[in-house]
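Asks: with the sequence up front, the predicted model follows.
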Amino acid sequence: MPLTPETLSRHELVGLDARVRAGSSPDLLGIEGTVVAETTETLGIERGGRSLAETRTESGATADRVATVPKAGTTFEFTLASGELVTVEGRRLVARPARRTEKSGDSKWR
C-alpha cells in the first residue's frame, strides 16, 4: 500500500520528517526533525540535520538532540516523500507501531 495522506497512520513513521503543530504542553510546539523512534505512547524526533553518531559527546553519551513527544494530546505534521504535508492527531497514532499498522482500516493481516 503506498504512503498517502489517507494511509499515513497505517505506515511506519520512522524516517519521516515531522513537526509538532499543537500540543497540550507549550514546550512541545515547534519541535521538528526526523522521526527516529516510536513507542506505543511517544515519537522520538531527532532535531537538526546531524545523525545520532555525530551528536556523541566525548564521554560517548548521545547529546540531547532527540525529543520524546507524547502522541496523545499532540497534533503532528508529517512531510511525505512527495513534499506533501499531512496533519495527524496524535491520538490516532496511540498504539504499538506493529498493531497500529494492522488494526486501522482494511488489513489482510488482522
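Replies: Sure, I can see it.

Asks: and residue 9, helix, strand or coil?
Replies: helix (DSSP: H, G, I helix; E, B strand; the rest coil).

Asks: quick check: pLDDT value at it.
Replies: On pLDDT, residue 9 comes in at 82.

Asks: likewise residue 107?
Replies: 42.

Asks: tell me where the chain has helices.
Replies: Under the criterion DSSP state H, the chain carries helices at the ranges 97-103.

Asks: so where's it shaky on pLDDT?
Replies: For the chain, the stretches with pLDDT under 70 are 1, 49-64, 101-110.

Asks: what's the neighbour count on the residue nearest to residue 91 when sequence neighbours are not counted?
Replies: Closest residue in space to residue 91, ignoring its immediate chain neighbours: residue 72 at 5.4 Å, by CB to CB, 6 or more residues apart in numbering. (Each C-beta comes from the backbone N, C-alpha and C, glycine too.) Neighbourhood size, residue 72 [other CB atoms under 10 Å]: 14.

Asks: can you give me phi and psi for residue 72?
Replies: Note on residue 72: backbone dihedrals following degrees, to the nearest 10 are phi -60, psi 140.

Asks: dump the residue contacts of it.
Replies: By CB atoms under 8 Å, 6 or more residues apart in numbering, the residues touching residue 72 are 41, 90, 91, 94.

Asks: in PyMOL, how would I select just the buried ones from those residues?
Replies: Burial among the contacts of residue 72 is assessed by 16 or more other CB atoms under 10 Å; the matching PyMOL selection reads:
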select buried, resi 90
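
Asks: widest-spaced pair of the contacts of residue 72?
Replies: 41 and 91 (10.8 Å; CB to CB).

Asks: quickly list what's touching both of those two.
Replies: Residues within reach of residue 41 and of residue 91 at once, by CB under 8 Å, 6+ apart, are 71, 72.
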